[in-house]
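Asks: Sequence below, structure please.
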Amino acid sequence: MSIELLILLIAGVFVIAVLYSSVGHAGASGYIAVMSLLSLAPAMIKPTALSLNILVASIATWQFFRAGHFSWTLFWPFAVLAVPFAFIGGHINLPTHLFKVILGVVLLYSAIRFLIESQHTLQIKEPPRAYALASGAGIGFLSGLTGTGGGIFLTPLLLFMGWADAKRAAAVSALFVLVNSISGLAGNFSSTKSLPAFILPLLIAAALGGSIGSYFGSRRIQSAAIKKLLACVLLIAGLKLIFT
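Replies: Numbering: from 1, shown residues only. Here you go, the predicted structure:
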């Protein structure tokens with residue numbers, strides 16, 4: 001990898017980590033978008049995104065927990081089946097063309113959800129246990145398969161179904177992303193036995209960005225404008241993956 005490409009990648013990871021962590025996400029779909037726009041090989045994208053996810057999700061979980069937004073009773077029904085299914089999904093390596101199409105659809109879905117999410121009004125109620133378990137299993141499998149942590153699916157689900165307000169959804173999603181990303185990376189590593197060689201500077205950039213974003217997101221700023229900006233990035237990357 002050239003120095004110029006690595007610098008662009010580091011800068012992109014930093015910006016994505018700041019933006020995503022401010023809404024309780026670790027940024028996998030954003031990292032995927034950046035790596036796809038820079039034409040990295042699909043085999044590098046998945047483990048890199050999951051590794052960065054683990055680091056940023058750890059920081060975001062701590063910040064939102066310290067701010068008092070986390071709910072264990074909301075978290076565990078979604079997470080208990082998500083973890084083993086994320087491992088299964090992480091173990092599966094799809095053909096390149098199919099992987100790119102699935103990732104493109106995931107990014108477009110995320111973009112639409114971010115746009116709609118920012119204008120949604122909540123009426124909070126408790127999620128049905130069976131629905132939470134089934135949703136968690138499906139999100140976990142998809143997160144491991146695509147190299148995301150599942151937050152891009154869980155947060156909109158919690159908000160649109162009225163199961164959490166924005167801050168609580170962010171806090172629950174942060175830990176959900178963390179456990180799924182660990183499981184997904186373990187599944188991927190069991191299959192590939194390797195991690196990209198350039199990952200260390202990206203981890204440093206992600207740690208800095210995640211610390212900044214999650215601090216302000218858990219205490220200071222509203223997320224509607226950030227979600228709209230992220231939606232634009234995801235739309236561009238998703239369309240690039242599907243049609244090129």
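Asks: Go ahead and confirm P156 touches A111.
Replies: No. No contact is recorded between P156 and A111 when judged using CB atoms under 8 Å, the distance being 11.2 Å. Placement of C-beta: from N, CA and C, glycine included.
Asks: Of those two, which one has the most company?
Replies: Using other CB atoms under 10 Å as the criterion, P156 and A111 rank with A111 on top: 25 against 20.
Asks: Need the mean per-residue confidence for whichever strand or helix holds the more buried one.
Replies: Secondary-structure assignment from DSSP states H and E places A111 in helix 96-117. Mean pLDDT, computed over helix 96-117, is 78.
Asks: Also stretch 214-221?
Replies: Model confidence over stretch 214-221 averages 81 on the pLDDT scale.
Asks: CA atoms of it as PDB?
Replies: Output of stretch 214-221 as PDB, limited to C-alpha atoms (Å, rounded to 0.1, in the frame of the first residue of the first chain):
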ATOM      1  CA  SER A 214     -18.400   9.300  21.800                       C
ATOM      2  CA  TYR A 215     -17.600  11.900  24.500                       C
ATOM      3  CA  PHE A 216     -19.500  14.600  22.600                       C
ATOM      4  CA  GLY A 217     -22.300  12.300  21.500                       C
ATOM      5  CA  SER A 218     -23.000  11.000  25.000                       C
ATOM      6  CA  ARG A 219     -23.000  14.400  26.600                       C
ATOM      7  CA  ARG A 220     -23.100  17.400  24.200                       C
ATOM      8  CA  ILE A 221     -24.500  17.200  20.700                       C
END
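Asks: What are the buried residues along that stretch?
Replies: By neighbour count with 16 or more other CB atoms under 10 Å, stretch 214-221 contains the buried residues 214-215, 217-218.
Asks: ok, back up a step: just give me how far the helix holding A111 sits from the chain centre.
Replies: When C-alpha coordinates are averaged (CA atoms, centre = their mean, to the nearest Å), helix 96-117 and its chain have centres 12 Å apart.
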